[in-house]
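1. build me a model:
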Amino acid sequence: MKEGPDGITLDAPLGSTDRGALWRASRRREHDRIVRLIEPVFCDGRFKQALANVRHRHHPRMLAITGEGLSGAHFYIEYAADAPWQTLGERLGALGNWRDRMAVLGLVCDALSHWSTSPVHPLGLNANSIVMVRDAGRWLPWLLPCPAITTSSPCDLFGVDPAAVAALAPEEIRGVQLDHRAQDAYAIGTLVAQAVGCTGPRLAADDDETRIETQARGALLRSTVEHSEIEPFLQQVPQVQELFRRIRHHRHPSPDARPGEVGKLRSAIAAVADPVALATALRHTNPHAALRVLAQPSVQEGHQLASSILAAEICVELGNLPEALRHLDRAVSVAPFRIDLRKQCCDLRWLAYLELPPLVGEDDPEGQELLKDLTWLKVLDPLPGNEAYLRAADVHRRRGEFDKAATELYEAAEREPGDLEALLRYAECWKTDLGDRDTAAAIVNEALSRIGKLERSEMLTEVEARQWRELFAALLS
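-> Down below sits the predicted model:
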């Protein structure tokens, strides 16, 4: 911490860029300012005029410049940072999942349309010149606007952070004719490569001269999937391959070959940031890898439901019903009013329940969960006929709750008078489980009456009616 210009306290350095060193600073309260310190030799009349054009107009998604001038040995620019903020580099460093970092770079691409309308050309994009500002629970990118400075030699870039050097287009370092759109394209491509974890070569001498000379050839960062953090099982997925094609296009050595817009890069970022899209690409060739993608924790919102549904489908295909149920339960917790999900969950839980060994003791958590599902489905009624009641009766019978099983079967028989299967099972429950032959006989008499009515109304054929009478008669034999 040290005293800065005009009563500002410089709290901590943020990094050194091609447009000066950035500091976290405080004026009225802690970290409510960012200060840029530039060597005065670079702040000529053209620079100051460009700075005035930036300062005295509001530009979308750019932090306001609240002060400027000479202070000691430096020219300073003061930015207001009233909301909570982090540099882009800090934000990316806090995200352990490269897909989450891609989502952040997608927001940066979206902000380019705002920044390109300003008089700042080129934008000077790097991980320190962009700050992520927290607004209504979201982190959104804002730019620290600063006109480009004119260097007389590549040596003027000595001391600049390696990550910022890598974002400089090679032609800028070489001092040839500049195209600001091509420089911005190179910078955004580099930021995406850095966010996905691309690394540079080991330099023979890790010094400024070697670093600048290497970037003059565009070789300070290797934008290949093999040198990234992307998992090996994902590296050949089409979405990932497309992302790296776009990165290399933006970082093309020739300025004329770089794209003039960011739309295709933005689409590629969106595709790799979506775990469902990646898992879908792996689903049939490497389903276990697809499940790994879906299981990775993420700070992104909006994917949890689709990820859970897809994971359940893959687990069903692999024959792992308990794991499929776990994913579907999570999906139902996210969307409790999705009837289709509750039905899928109930169907899977029913299949898994049928595979369980005979019940020993009183503990039956699987059955309890299944009864909860069936209670919902009785109300929502997505199952055919009396299926929810019949399944519930089977659960109760397995648990030894014969009176509850009889109640379920009675309700089923009353709901659907033509459901002779429910009536037969109701009679069986009274005779076999509850040991009441008289009640069972009364149910059989009721069944024979219903069979006659169904036959007369031609809802049963003569053959079907005879078969049902035989089944009920056998019950009492």
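2. and the helix or strand that contains E414, what does it pack against?
-> In the assignment (DSSP states H and E), E414 maps to helix 402-415. With contacts taken as 3 or more CB pairs under 8 Å, 6 or more residues apart in numbering; DSSP states H and E, helix 402-415 sits against helix 387-398, helix 420-428. All C-beta spots, glycine's among them, are computed from the backbone N, C-alpha and C.
3. then the first one to PDB, C-alphas only?
-> Taking only C-alpha atoms (Å, rounded to 0.1, in the frame of the first residue of the first chain), the coordinates of helix 387-398 have been written out as PDB:
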ATOM      1  CA  GLU A 387     -51.400 -48.600 -12.600                       C
ATOM      2  CA  ALA A 388     -50.500 -46.200  -9.800                       C
ATOM      3  CA  TYR A 389     -52.900 -48.000  -7.400                       C
ATOM      4  CA  LEU A 390     -51.800 -51.500  -8.400                       C
ATOM      5  CA  ARG A 391     -48.100 -50.600  -7.900                       C
ATOM      6  CA  ALA A 392     -48.900 -49.000  -4.600                       C
ATOM      7  CA  ALA A 393     -50.700 -52.200  -3.500                       C
ATOM      8  CA  ASP A 394     -47.700 -54.400  -4.500                       C
ATOM      9  CA  VAL A 395     -45.400 -52.200  -2.400                       C
ATOM     10  CA  HIS A 396     -47.700 -52.500   0.600                       C
ATOM     11  CA  ARG A 397     -48.000 -56.300   0.200                       C
ATOM     12  CA  ARG A 398     -44.200 -56.600   0.000                       C
END
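4. compute the inter-axis angle for that helix and helix 420-428.
-> 20 degrees (axes from the mean of the first three to the mean of the last three CA atoms, to 10 degrees).
5. and helix 387-398, how far from the chain's centre?
-> Chain-centre distance of helix 387-398: 39 Å, with CA atoms, centre = their mean, to the nearest Å.
6. same question, stretch 446-461
-> Taking mean C-alpha positions (CA atoms, centre = their mean), stretch 446-461 and its chain are 57 Å apart.
7. show me what counts as buried in it.
-> Neighbour-count burial for stretch 446-461 flags E446, A447, R450, I451, L454, E455, L460 (criterion: 16 or more other CB atoms under 10 Å).
8. swap in stretch 193-200?
-> A193, Q194, A195, V196, C198, G200.
9. how near is the nearest residue to A169 once chain neighbours are set aside to V54?
-> Computed as CB to CB, 6 or more residues apart in numbering, the closest residue to A169 that is not its neighbour in sequence is Y186, at 4.0 Å. Distance, Y186 to V54, using CB to CB, to the nearest Å: 22 Å.
10. pLDDT at V360, what is it?
-> With respect to pLDDT, V360 scores 64.
11. which of Y186 and V54 has more residues huddled nearby?
-> Y186 (27 against 19; other CB atoms under 10 Å).
12. how much space between the more buried one and G15?
-> 19 Å.
13. check E455 too.
-> Taking CB to CB, one finds E455 at 88 Å from G15.
14. cool, and S298?
-> Taking CB to CB, one finds S298 at 27 Å from G15.
15. hang on, V131 in a strand?
-> Yes: assessed with DSSP: H, G, I helix; E, B strand; the rest coil, V131 lies in a strand.
16. what count of nearby residues applies to it?
-> So V131, with other CB under 10 Å, has 25 neighbours.
17. could you find the closest non-adjacent residue to it?
-> W85 (4.9 Å).
18. check L359 too.
-> R398 (5.5 Å).
19. OK, contacts around that neighbour?
-> R398 makes contact with L359, D364, G367, according to CB atoms under 8 Å, 6 or more residues apart in numbering.
20. what is the burial count for the second one?
-> D364 has 19 neighbouring residues, counting by other CB under 10 Å.
21. check the gap between the residue nearest to A169 and A166 for me.
-> Counting by CB to CB, the gap from Y186 to A166 is 10 Å.
22. L434 and R391, how far apart?
-> Taken as CB to CB, the span from L434 to R391 is 20 Å.
23. which of these two has more neighbours?
-> Taking neighbours as other CB under 10 Å, L434 and R391 compare with R391 leading, 23 against 15.
24. quick check: the more buried one touching D373?
-> No: using CB atoms under 8 Å, R391 is not in contact with D373, being 9.0 Å away.
25. what about the helix or strand V35 falls within, distance to the chain center?
-> V35 is located in strand 33-38, with elements delineated by DSSP H and E. Distance of strand 33-38 from its chain centroid, counting by CA atoms, centre = their mean, is 34 Å.
26. C-alpha coordinates for it, CSV please?
-> Provided in CSV are the C-alpha atoms of strand 33-38 (Å, rounded to 0.1, in the frame of the first residue of the first chain):
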residue,chain,number,x,y,z
ARG,A,33,-11.0,3.0,-7.6
ILE,A,34,-8.6,1.5,-10.2
VAL,A,35,-5.6,3.6,-11.1
ARG,A,36,-3.5,3.3,-14.3
LEU,A,37,0.1,4.6,-14.1
ILE,A,38,1.8,5.4,-17.4
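27. elements contacting that strand?
-> strand 20-26, strand 74-80.
28. quick one: contacts for the residue nearest to D403 when sequence neighbours are not counted?
-> Computed as CB to CB, 6+ apart, the closest residue to D403 that is not its neighbour in sequence is L434, at 7.2 Å. L434 is in contact with F402, D403, A406, counting by CB under 8 Å, 6+ apart.
29. I'd like those as TSV, with pLDDT appended.
-> What follows is the contacts of L434, written out as TSV (pLDDT from 0 to 100):
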residue	pLDDT
F402	95
D403	95
A406	96
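30. quick check, the residue nearest to V131 in contact with R134.
-> Yes: with contact defined as CB under 8 Å, W85 and R134 form a contacting pair (6.9 Å).
31. grab the nearest non-local neighbour of I77.
-> I77 sits nearest to R36 (CB to CB, 6+ apart), 4.3 Å away.
32. in contact with that neighbour, which residues?
-> R19, G20, A21, L22, W23, Y76, I77, Y79, L144, C146.
33. nearest to A465, of those?
-> Ranked by distance to A465 (CB to CB), those are led by L144 at 85.5 Å.
34. count the residues that sit near that closest one.
-> 23.
35. I130 is in contact with that one, correct?
-> Yes: in this structure, L144 is within contact of I130 by CB under 8 Å, at 7.4 Å.
36. walk me through the domains of this structure.
-> Following automatic domain parsing, the chain resolves into domains at 2-80, 85-151+159-274, 408-477.
37. tell me, how many residues neighbour D394?
-> 19.
38. from K404, how far off is it?
-> 11 Å.
39. related to what we said a few turns ago, got the buried residues of stretch 193-200 as TSV, with pLDDT columns?
-> Listed next are those as TSV, based on pLDDT from 0 to 100:
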residue	pLDDT
A193	97
Q194	96
A195	97
V196	96
C198	94
G200	83
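40. you'd agree I269 is up against L243?
-> Yes: the pair I269 / L243 is scored as a contact, 6.8 Å apart, by CB under 8 Å.
41. of these two, who's got more company?
-> I269 (29 against 26).
42. quick check, pLDDT for the more buried one.
-> Residue-level pLDDT assigned to I269 equals 97.
43. what sits opposite W23 in the beta ladder?
-> P13, V35 (DSSP bridges).
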